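# attaching a predicted model along with its sequence, questions to come.
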There are 2 protein chains.
Amino acid sequence: MLLARVGTGLRSETVRRTNLSVIIRELHFGGPQSRSALVGRTELTRSAIRSLISELVSADLVAEVRAAPVGVPGRPSTMVCPNAEGAVVLALDITVDSLAAALIGLGGTILASARVDRPPTHLEPSEIVADLVSLAEPILREPAAAGRFIGIGVAVVGVVRRSDGLVSMAPNLGWREIPLGRLVAAAFDGDAPVAVANEADLGALAELRRGAAVGADDVLFVSGEVGVGGGVVVDGRPMIGAAGYGGEIGHMPVNPDGLPCRCGSIGCWETEVGEGALLRHAGRRPDGGREAVDAVLADAAAGLPRAVAALDEVGRWLGVGLAGLVNVFDPELIVLGGFFGRILPRVGELVDRELDRRALAAPRSLVCVVPAKLGVDAPMIGAGELAMEPLLADPARWLLPRRPRLELAGA
Amino acid sequence: MLLARVGTGLRSETVRRTNLSVIIRELHFGGPQSRSALVGRTELTRSAIRSLISELVSADLVAEVRAAPVGVPGRPSTMVCPNAEGAVVLALDITVDSLAAALIGLGGTILASARVDRPPTHLEPSEIVADLVSLAEPILREPAAAGRFIGIGVAVVGVVRRSDGLVSMAPNLGWREIPLGRLVAAAFDGDAPVAVANEADLGALAELRRGAAVGADDVLFVSGEVGVGGGVVVDGRPMIGAAGYGGEIGHMPVNPDGLPCRCGSIGCWETEVGEGALLRHAGRRPDGGREAVDAVLADAAAGLPRAVAALDEVGRWLGVGLAGLVNVFDPELIVLGGFFGRILPRVGELVDRELDRRALAAPRSLVCVVPAKLGVDAPMIGAGELAMEPLLADPARWLLPRRPRLELAGA
């Protein structure tokens, strides 16, 4: 691996911590497996695996379960399982038209969840955070929430600075420079770490770990909603940029003399392929929202020419932008989410034609375009993954007596 | 660090190898330094450092030198230095109008080098490889070439598959599907590993390690020549894509109804900002080459209106494309190479204006645009870094008796 900077060396306590992390990640991503499988996948020795697992079992993060024999004679093998209730996170999602909360356990198990619609109007951040607290309250009273609490992850439709969860801009919410991380931390237990990230970035993370892109290392996730969101995975790592603002592929200039974009620029890709563009081409008000989009898709399915033409126009521009992104990123997989995933069966040929015309032959020949798998919950699941990261990165920090469950501030 | 895949665990021999690698990288990138500095930077213990350095000294990769006291009383401190002649690589560079070869030692020391112009006509790959052999021959006879030979690195103006050095397309050379890695290996000692990569990618690597981007983790390198090349560094690692074709930012569609591009598409960024675009705007033949570009730059410096307007037009489009790339990558630094670096002082304000208009405010406010430092040799220096990588990644493999110097095939 070519590196720009030099890493630090390995000392013996680092080795133990790193190996605990490798095992907990393996179980969190891959689910229950035998010790032999762990030996094979981690390349650690059998005795190292035994001692590391026994530490994780004592800390209640992992359980060893005798698997039922499946018609095979002989001793049933012992499976090492992540203990979902041994470590839990609260995942929150703020979209243009809904709010969601979920309690997610180690291994990615959704222990409880709730989603409510919200009017697509501009609301004060404090109102939205209060609504999230109401949504999360019953979830945090579940018995499963008694597990070791790792932190809170928040997905939001906006441009986010990763270091402190500042939302620098969220045009669909009417927000600018909102310290969302701080607001959420204050509304919940002030001690729990809060990590905030862009919704499309987190959708990409979820699809990568648990959805359409499992096993892939270079992935482009493109989600069409009111805005066009992107999450990019480079060599197995989500690309976030210098301050966490990376992946705003909806704001590539594809038509410099085109329409004004909500971001203040002109002719961004979003102005040609977002929900507003679909509605505009279909002769509707661009701000019609989810119901209007559903109506256009239904009209197109029924063969109404104007809706079909609108879909074709979006499909063509989708292909133009994807061609540029194929040249820039050379991904092995493009995962289309939001309404892009829904229209892919209808516009796939048009997308392919633009890719053939406009992308360089070599990367073009290697890339597959597929719909997302996790649907509307992808960003929420990704927020859970983000919140679980401190445990995955350094489980040794958590091999201590359990912390009590998360309490709501003032409760 | 968020990961998609799980790494393998650490066994005790891995730890030694990793720590040797950390130290050799530190010395290769950072140059001579004291043991105390190495303790601080690698976070290894003093005794671990001592024993690792003694291994590297025995293998002649590192030397310990008593530093001359600089007016300070007391014992002079001992500096640990990379031994340039202890490990050497051959770096080759194939550009549109020149060929270059260099012998580069550990620590990045250029021990010998040569560059010759070549006519910008299409030549058979075998002819170019033969010319490279002639250029390299005297260099490989230098006494310094007697060091441990790590491999050959090749920079080429084309789209390259990293795994085997296949050049899938190099329009400026008239090449398609050329097995350059295999041709170079056969022309030189067939045993030496040969690594081939795109010229702009390697220019970016060189600027990152030894030029304008030292210390930065998220960097966009944009080079303007006949084509527009890009090298992208994400979180300290050069982004190469699934098969090594990534970073072709010259082929983003910025004007989908624009001019035909050499790649077969329409309205790529390159058609608006490459050398051809500059010459076209200046009323010259687009294929005039380096001399014609120099003439336009001289005319613009003398204030000739048509040349000034041509530069302004390129500057404006440069800003348009960079704005999109800022939104996509959120880099901390944009390094402009080739003639973009030369025109930056004249068009900087126009570039800034387009960035202000078109890039999202948050990533825009963080990014700096600077000219490249290493000039025409950057890709060759990057080719040397690429060739040295096997030693940097696992020096333990090289702590063996020295291999004899590289011999030319048939020599």
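Yep, it's here.

# what's the closest non-adjacent residue to the residue in the stretch 301-411 of chain A positioned nearest to chain B?
Nearest to chain B in the stretch 301-411 of chain A, going by Cβ to the nearest Cβ, is residue A:330, at a distance of 2.5 Å. For every residue, glycine as well, the C-beta is placed using N, CA and C. Leaving aside its chain neighbours, residue A:330 sits nearest to residue B:241 (2.5 Å; criterion: Cβ to Cβ, 6 or more residues apart in numbering or on different chains).

# surely that neighbour is within a helix?
No: secondary structure of residue B:241 (DSSP: H, G, I helix; E, B strand; the rest coil): coil, not part of a helix.

# quick check: phi and psi at the residue of the stretch 301-411 of chain A closest to chain B.
phi 50, psi 60 (degrees, to the nearest 10).

# enumerate every residue touching the residue lying closest to residue A:176 once chain neighbours are set aside.
Spatial nearest neighbour of residue A:176, chain neighbours left out: residue A:169 (5.7 Å); criterion: Cβ to Cβ, 6+ apart. Under the criterion of Cβ atoms under 8 Å, 6 or more residues apart in numbering or on different chains, the neighbours of residue A:169 are A:158, A:159, A:175, A:176, A:177, A:263, B:360, B:361, B:362.

# what sits closest to residue A:42 if chain neighbours are left out?
residue B:9 (4.2 Å).

# Three-state assignment for that neighbour, please.
coil.

# check contacts around the nearest residue to residue A:268 once chain neighbours are set aside.
Spatial nearest neighbour of residue A:268, chain neighbours left out: residue A:261 (4.0 Å); criterion: Cβ to Cβ, 6+ apart. Taking Cβ under 8 Å, 6+ apart, we find residue A:261 in contact with A:251, A:267, A:268, A:270, A:271.

# show me where chain A dips below the pLDDT cut-off.
Within chain A, the segments meeting pLDDT under 70 span A:1-7, A:68-76, A:190, A:400-411.

# what residue spans form the domains of it?
Using automatic domain parsing, the domain ranges for chain A come out as A:12-82, A:87-202+A:377-398, A:214-372.

# quick one, helices of chain A?
A:12-30, A:35-42, A:46-58, A:125-140, A:180-187, A:199-210, A:270-273, A:275-281, A:289-301, A:305-329, A:338-358, A:361-366, A:378-393 (DSSP state H).

# can you lay out those as CSV showing mean neighbour count?
Below are these laid out as CSV (neighbours: other Cβ atoms under 10 Å in any protein chain shown):
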stretch, mean neighbour count
helix A:12-30, 19
helix A:35-42, 16
helix A:46-58, 15
helix A:125-140, 17
helix A:180-187, 20
helix A:199-210, 29
helix A:270-273, 27
helix A:275-281, 22
helix A:289-301, 17
helix A:305-329, 23
helix A:338-358, 19
helix A:361-366, 20
helix A:378-393, 26
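
# mind putting those helices into JSON lines with distance to residue B:136?
Compiled in JSON lines, the helices of chain A are given as follows (distance: least, Cβ to Cβ, whole Å):
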{"stretch": "helix A:12-30", "distance to residue B:136": "42"}
{"stretch": "helix A:35-42", "distance to residue B:136": "44"}
{"stretch": "helix A:46-58", "distance to residue B:136": "47"}
{"stretch": "helix A:125-140", "distance to residue B:136": "63"}
{"stretch": "helix A:180-187", "distance to residue B:136": "56"}
{"stretch": "helix A:199-210", "distance to residue B:136": "44"}
{"stretch": "helix A:270-273", "distance to residue B:136": "50"}
{"stretch": "helix A:275-281", "distance to residue B:136": "55"}
{"stretch": "helix A:289-301", "distance to residue B:136": "61"}
{"stretch": "helix A:305-329", "distance to residue B:136": "33"}
{"stretch": "helix A:338-358", "distance to residue B:136": "39"}
{"stretch": "helix A:361-366", "distance to residue B:136": "28"}
{"stretch": "helix A:378-393", "distance to residue B:136": "46"}
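
# indicate which one of the domains of chain A is closest to residue B:138.
Taking Cβ to Cβ, domain A:214-372 is the member of the domains of chain A nearest to residue B:138, at 35.5 Å.

# circling back: residues near the residue nearest to residue A:42, how many?
24 (other Cβ atoms under 10 Å in any protein chain shown).

# right, is stretch A:186-203 up against chain B?
No: using Cβ under 8 Å from any Cβ of the partner chain, stretch A:186-203 stays clear of chain B, with a minimum separation of 9.6 Å.

# from the chain's centre, how far out does that stretch sit?
Distance of stretch A:186-203 from its chain centroid, counting by Cα atoms, centre = their mean, to the nearest Å, is 13 Å.

# and the contacts of residue A:261, which is closest to residue B:287?
Of the contacts of residue A:261, the one sitting nearest to residue B:287 (Cβ to Cβ) turns out to be residue A:267, at 29.8 Å.

# excluding chain neighbours, what is closest to the closest one?
In space, residue A:267 is closest to residue A:258, 2.9 Å off (Cβ to Cβ, 6+ apart).

# what's the distance between that neighbour and residue A:266?
6 Å (Cβ to Cβ, to the nearest Å).
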